[in-house]
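Undergrad: Provided below for reference: sequence and predicted model.
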Amino acid sequence: MSEKVKPYKDSQLNKKQQVAQMFDNISKEYDGLNRVISFGIDVKWRKKVVDIVAKSNAKRILDIATGTGDLAINLAQTNAQEIIGLDISEGMLEVGRKKIAERKLSDKIKMILGDSENIPFEDNSFDAITVAFGVRNFENLEKGLSEILRVLKPEGTFVILETSVPVKTPFKQGYKIYSKYILPTIGKVFSKDRVAYSYLSESASVFPYGEALNNILRQIGFSNVKDLPQTMGVATIYTATKS
């Protein structure tokens, strides 16, 4: 289990509801701030995810925690016939639908409101499933991963892109300074929701990564689990399959 993170905001809402509210609040500014916060490197990371999925020759793909659809749109470059983006934030989905329409991809990509811990599809429905910067926001990580395993077809490909913590000096120290002070400051200056980016920073710092997340994936039932650290370890791509 991942360490506990204090709630996004003090309220009577559970984590799932709070995360949906948070992303609704920052949906209009999310894409721009994301580029600033990651220095644009997240574009390169997503391309690597697309390359992995493309090699699997998946025809039907589910992109969980799709947000504004960046990864779903990039996955349209593969041979997929259908891509479904799932998210609990209607605000993020609405931004994504506009981007998809502008690119004339509405026939291939569908954006739906839904819960990663109760995925509204039958068993063995997808050839590939992706999650970019979303698993750390699951209210129950094990339940969400179990649902992903359920709807993934046998021999299907599962890819996670998630933040992680560098383990080598001086990158480890630099990351701590950036995530604790710089990232929340950027959020406070440029975002109308000042609490959101502090939450995102803290949740990233305590989420299991590397072998710890590998072991959770294996315990859930995934096989061929591998982790591929990116950019000195500030993010990691995880790949797994369903036996």
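TA: Looks like it arrived, so ask away.

Undergrad: where exactly do the strands run in the protein?
TA: Listed in chain order, the strands of the chain (DSSP state E) span 60-64, 82-87, 109-113, 126-132, 152-163, 223-230, 235-241.

Undergrad: wait, which of those strands is closest to residue 15?
TA: strand 82-87 (15.3 Å; C-beta to C-beta). For glycine as for every other residue, the C-beta is placed from the backbone atoms N, C-alpha and C.

Undergrad: which of the residues in the closest one are buried?
TA: Using 16 or more other C-beta atoms under 10 Å as the test for burial, strand 82-87 gives 83, 84, 85, 86, 87.

Undergrad: In a markdown table: the residues you listed, plus pLDDT and distance to residue 182.
TA: Listed next are those as a markdown table, based on pLDDT from 0 to 100; distance: C-beta to C-beta, whole Å:
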| residue | pLDDT | distance to residue 182 |
| --- | --- | --- |
| 83 | 98 | 34 |
| 84 | 98 | 35 |
| 85 | 98 | 30 |
| 86 | 98 | 31 |
| 87 | 98 | 27 |
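
Undergrad: Show me which of the residues you listed is closest to residue 72.
TA: residue 85 (4.2 Å).

Undergrad: any idea how far the closest residue to that closest one other than its chain neighbours lies from residue 131?
TA: Excluding the flanking residues, the one nearest residue 85 by C-beta to C-beta, 6 or more residues apart in numbering is residue 66, at 3.1 Å. To residue 131, residue 66 is 9 Å away according to C-beta to C-beta, to the nearest Å.
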